[in-house]
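Trainee: just need the structure, nothing else, for what follows:
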Amino acid sequence: MLRKVSAMTNHARYPSYVNCVAHVLSTSPQPLSVDALISNIENQRPLTKGARRAVYRAIGQLFQAVPVTTSHFGWLSRLLADNLFRHPLTNDEARKGYLLLDEMEHAVFFPQFFQTNKPDERRLKIELMGGPTIEAEACIERRTWSLRLGAEFVAWIEEAGGQGRDDILIKVNDALAGHYTLRLQPREIRDNSAIQNRNIQLALMAEEIVSKDRRARSAVPTAELAARLIARGFFTEAVPADDLHYVLHQYSLLRFRQGQGYSLEEEEARYAPDRRTVREGAPRYYAEQAPDAPPASHDDLTHEWGELLAEMPEIEFVGESMEDSCASYEAYLDSFRDSHDSEEFLSHSDFHLLEAELETLISLEYEFGYLLPEQQARKEQLANTLFIDPEMLLDDDMDSPNYPDSDYPDSDYPDSGDFPFWQN
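Mentor: All right, here's what the predicted structure looks like:
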């Protein structure tokens with residue numbers, strides 16, 4: 001009896017191996033080998049006979065304890081320092097002041113989330129390059145985990161001339177302290193060749209990680225794959241790749257398994273055609289995710305993007321080339337894809353025909369101060385069909401300066417007649 005009480009007292013006195021590993025890695029500025037981990041843990045508690053096995057088991061239970069090499073491990077929040085990520089901005093995000101997060105971005109902003117599977121209530125410090133420093137927090141938008149940035153973010157985007165299909169570059173200053181910097185990169189200055197090379201490199205690295213893990217399980221959870229890519233130092237380069245699910249769907253031989261993650265089947269790796277030279281751009285699709293669903297595992301709480309992308313039909317332009325398109329029509333196509341609408345999308349000319357009708361109704365409402373009921377109903381129908389916010393269109397039409405269609409003096413503005421963009 002006395003021996004049993006003594007054992008219980010020792011158990012309460014010494015921290016567990018999981019707590020020891022978490023403490024050592026989270027406080028170490030550099031990744032550590034297992035031997036170094038054991039040496040540090042010995043300062044916190046007596047080592048048991050199976051200490052090495054216990055350390056490996058503890059690492060397996062900690063989401064933020066990620067392998068940097070085969071024998072060294074780091075803490076995700078520390079490994080994120082100075083990493084750079086690319087987020088394709090949508091019109092809805094720019095208008096309402098939030099960013100929808102995939103598993104990669106969720107781990108970037110809230111690294112502890114996938115350890116506890118509980119909402120992280122900390123407030124982040126976000127520097128908007130060329131603008132104010134704001135606070136941000138996790139939220140649910142469109143039934144998806146998101147980062148709420150608010151009205152100051154919207155104003156920053158508007159002042160910089162940003163719009164859907166531009167990119168937000170996310171720099172991690174200090175993930176432990178929750179300090180980040182956002183920079184707007186207009187799509188006109190995307191270096192598509194360099195980004196495509198980075199996409200291919202990301203796809204190859206992801207395939208390697210999943211392939212080495214194949215014997216242990218059928219698929220690697222998406223959040224865990226993201227953490228391992230970060231641990232490899234991929235995102236420390238100056239040119240970030242496109243968002244993770246898009247890259248893996250378009251450039252890799254990996255296949256998404258719903259509820260499991262990404263896998264690389266032997267037959268697919270052997271016979272699948274090379275899919276790494278595909279169309280450019282980075283469309284973003286969002287899965288339907290219930291915010292109140294009880295979390296059971298990593299991928300129960302994450303987006304089923306891979307399967308959604310695989311089922312999404314490609315949009316083909318019949319009788320029109322991409323050169324005939326324009327920014328507003330491309331934004332419409334983006335919103336159409338996001339809506340998962342089963343109806344046929346509008347052609348380029350049909351879109352502008354209905355857009356002109358909507359502009360006419362808005363002009364009439366501006367001039368007379370009201371519309372007849374049937375006109376009001378038609379205006380709302382057109383706005384929903386075209387995915388256009390009438391208030392924004394009113395602002396553009398009535399309040400914006402008139403930029404000439406010719407070249408802008410002393411600037412790099414295009415001479416297409418579109419509103420100018422600002423290089424950051």
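
Trainee: what sits against Pro373?
Mentor: Listed by C-beta atoms under 8 Å, 6 or more residues apart in numbering, Pro373 has no contact partners. No exception for glycine: its C-beta is placed from N, CA and C like everyone else's.

Trainee: next one: it from Lys379, what distance?
Mentor: Distance, Pro373 to Lys379, using C-beta to C-beta, to the nearest Å: 11 Å.

Trainee: state the distance from the nearest residue to Gln64 once chain neighbours are set aside to Tyr366.
Mentor: Excluding its sequence neighbours, the residue lying closest to Gln64 (C-beta to C-beta, 6 or more residues apart in numbering) is Leu76, at 4.0 Å. Distance of Leu76 to Tyr366, computed by C-beta to C-beta: 52 Å.

Trainee: of the two, who's got more company?
Mentor: Neighbour totals were compared for Leu76 and Tyr366, and Leu76 leads with 25 against 11 (other C-beta atoms under 10 Å).

Trainee: hmm, that one is touching His106, no?
Mentor: No - Leu76 is not in contact with His106 according to C-beta atoms under 8 Å; the separation is 11.9 Å.

Trainee: and the helices in the stretch 1-150 of the chain?
Mentor: Counting by DSSP state H, counting those that start in this stretch, the stretch 1-150 of the chain has helices at residues 2-13, 17-27, 34-41, 51-61, 76-79, 91-96, 103-109, 113-116.

Trainee: deepest in the core, which of those helices is it.
Mentor: Of all these, helix 103-109 carries the top mean neighbour count, a mean of 25, counting by mean count of other C-beta atoms under 10 Å.

Trainee: for that helix, name the packing helices and strands.
Mentor: With contacts defined as 3 or more C-beta pairs under 8 Å, 6 or more residues apart in numbering; DSSP states H and E, helix 103-109 has these neighbours: strand 84-88, helix 113-116, strand 144-148, strand 167-174, helix 222-231.

Trainee: what's the mean pLDDT across the second one?
Mentor: Meaning helix 113-116. Regarding helix 113-116, the rounded mean pLDDT is 91.

Trainee: same deal with the longest one?
Mentor: This predicted structure assigns helix 222-231 an average pLDDT of 97.

Trainee: by how many degrees do it and strand 84-88 diverge?
Mentor: With axes from the mean of the first three to the mean of the last three C-alpha atoms, to 10 degrees applied, the angle from helix 222-231 to strand 84-88 works out at 140 degrees.

Trainee: residues contacting helix 222-231, please?
Mentor: Counting by C-beta under 8 Å, 6+ apart, 63-64, 66-68, 74, 76, 79-80, 83, 102-104, 106-108, 114, 202, 205-206, 209-210, 220, 235, 244-245, 256, 261-262, 298-299, 302-303, 305-306 sit against helix 222-231.

Trainee: CA atoms only for that helix - export them in PDB, please.
Mentor: Taking C-alpha atoms only, helix 222-231 is exported to PDB below (Å, rounded to 0.1, in the frame of the first residue of the first chain):
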ATOM      1  CA  THR A 222      -3.900  17.800 -44.700                       C
ATOM      2  CA  ALA A 223      -3.000  19.900 -41.700                       C
ATOM      3  CA  GLU A 224      -0.100  17.500 -40.800                       C
ATOM      4  CA  LEU A 225       1.200  17.600 -44.400                       C
ATOM      5  CA  ALA A 226       1.100  21.400 -44.200                       C
ATOM      6  CA  ALA A 227       3.100  21.400 -41.000                       C
ATOM      7  CA  ARG A 228       5.700  19.000 -42.400                       C
ATOM      8  CA  LEU A 229       6.100  21.200 -45.500                       C
ATOM      9  CA  ILE A 230       6.700  24.200 -43.200                       C
ATOM     10  CA  ALA A 231       9.200  22.200 -41.200                       C
END
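
Trainee: what angle separates it from strand 167-174?
Mentor: Using the same axes, to 10 degrees, helix 222-231 lies at 70 degrees relative to strand 167-174.

Trainee: which helices and strands does the helix or strand that helix 222-231 is followed by pack with?
Mentor: Per DSSP states H and E, the first helix or strand lying C-terminal to helix 222-231 is helix 244-251. Helices and strands touching helix 244-251, by 3+ C-beta pairs under 8 Å, 6+ apart, are helix 192-213, helix 222-231, strand 255-257, helix 305-311.

Trainee: state the mean pLDDT of the third one.
Mentor: What that stands for is strand 255-257. Over the span of strand 255-257, the pLDDT mean works out to 90.

Trainee: what of the last one?
Mentor: Mean per-residue pLDDT for helix 305-311: 38.

Trainee: how long is stretch 25-36 end to end?
Mentor: 10 Å (C-alpha to C-alpha, to the nearest Å).

Trainee: show residues contacting it.
Mentor: Contacts of stretch 25-36 (C-beta under 8 Å, 6+ apart): 24, 37, 40, 52, 55-56, 62, 64-65, 68-69, 71-75, 77-79, 176.

Trainee: gap between it and the chain center?
Mentor: Distance of stretch 25-36 from its chain centroid, counting by C-alpha atoms, centre = their mean, to the nearest Å, is 28 Å.

Trainee: also stretch 35-43?
Mentor: Put simply, stretch 35-43 sits 36 Å off its chain's centre (C-alpha atoms, centre = their mean).
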